[in-house]
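In: Sequence and predicted structure are below.
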Amino acid sequence: MESNIKVDAEILKFLIGICFGKYNDKYKAAANRAYLDMNRTLRFDKKTDLDRDKLRNDVVSLLKNEIIAFMKNKAFCRQEDFDSWHFNICGEIKSIYQKEDISFTYGQAQKWINMTFKYLYILRNEEVLKILKYLHVPLDRYIINAAYKEFGIAYPNIVWSKWDDYEGQYLAYQKELRTHISFEEPLRWEIKQWNKEVLPLLK
């Protein structure tokens, strides 16, 4: 059984400050931090910094509004409801970038959304805790590698950031992963695996 460790409030405040900086809005702080985990896969060509910032802010606002609306909707009570919502929001994010002639895939959208939820969980957002069992695993090369080593799930043929078939690539992978980690919430499993895969690489 996993032990709970009490952390001094000032230490926790310091760690959160290092990760998120000063913020007044947990949703925007989480979505902005999540962007940094995905943006290196984007190609902006001749877009200015102002153009990039506007696109980022548009998606951050979208994520905040849609996540709050989803969590307040009492009709959502099944995994299928979250999966359908997730697909629609991925599509909206893709559309925001594609309207500006920037290539954007479902693979990139899932990373932004899923990492936003992960950071909201770290920030102890109470509403997110209520839907923890439905959340998706943020997929990247580290987690895909962990899934192969632990469960034998085959490596995809293309890198996660280029996935653009939501049902056949992304959701199929999430569903296979769920069959192996039904013993705990997917996001909690992901955090443990990220710690195993990535922390040893940090110098």
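Out: Alright, I've got the coordinates. Residues are numbered from 1 along each chain as shown.

In: With adjacent residues omitted, what lies nearest to residue 145?
Out: residue 197 (6.2 Å; Cβ to Cβ, 6 or more residues apart in numbering). All C-beta atoms are positioned from the backbone trio N, CA, C, and that covers glycine.

In: was I right about residue 107 contacting residue 160?
Out: Yes: taking Cβ atoms under 8 Å as the definition, residue 107 is a contact partner of residue 160 at 4.8 Å.

In: shared neighbours of these two, anything?
Out: Common neighbours of residue 107 and residue 160 (criterion: Cβ atoms under 8 Å, 6 or more residues apart in numbering): residue 139.

In: Distance check, the residue nearest in space to the middle of the chain against residue 200.
Out: Compute the mean C-alpha point of the chain, and by Cα atoms, centre = their mean the closest residue is residue 114, 1.7 Å away. Computed as Cβ to Cβ, to the nearest Å, the residue 114 to residue 200 distance reads 23 Å.

In: What residues does residue 23 make contact with?
Out: Residue 23 touches residue 29, counting by Cβ under 8 Å, 6+ apart.

In: That should have said residue 143, apologies.
Out: 137, 190, 193, 194, 197.

In: how about 6 Å then?
Out: 190, 193 (Cβ atoms under 6 Å, 6 or more residues apart in numbering).

In: Give me the distance between it and residue 194.
Out: 7 Å.

In: mean confidence for the lengthiest helix in the chain?
Out: Longest helix in the chain, counting residues (DSSP state H): helix 49-72. Average pLDDT, helix 49-72: 94.

In: and residue 186, how far is that from residue 65?
Out: 24 Å.

In: Compare these two (neighbour count), which wins?
Out: Shown here are residue 186 and residue 65; by other Cβ atoms under 10 Å, residue 186 has more neighbours (21 against 11).

In: can you pull the contacts of that one?
Out: Here residue 186 is in contact with residue 137 (Cβ under 6 Å, 6+ apart).

In: show me where pLDDT drops low in the protein?
Out: For the chain, the stretches with pLDDT under 70 are 1-9, 11-14, 17-18, 203.

In: Show me where it has its helices.
Out: Going by DSSP H, the chain shows helices at 9-20, 26-36, 49-72, 79-98, 106-122, 126-130, 141-151, 172-180, 186-198.

In: Turn these into JSON lines, including distance to residue 43.
Out: Output for the helices of the chain, formatted as JSON lines (distance: least, Cβ to Cβ, whole Å):
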{"stretch": "helix 9-20", "distance to residue 43": "27"}
{"stretch": "helix 26-36", "distance to residue 43": "15"}
{"stretch": "helix 49-72", "distance to residue 43": "11"}
{"stretch": "helix 79-98", "distance to residue 43": "11"}
{"stretch": "helix 106-122", "distance to residue 43": "11"}
{"stretch": "helix 126-130", "distance to residue 43": "31"}
{"stretch": "helix 141-151", "distance to residue 43": "18"}
{"stretch": "helix 172-180", "distance to residue 43": "24"}
{"stretch": "helix 186-198", "distance to residue 43": "25"}
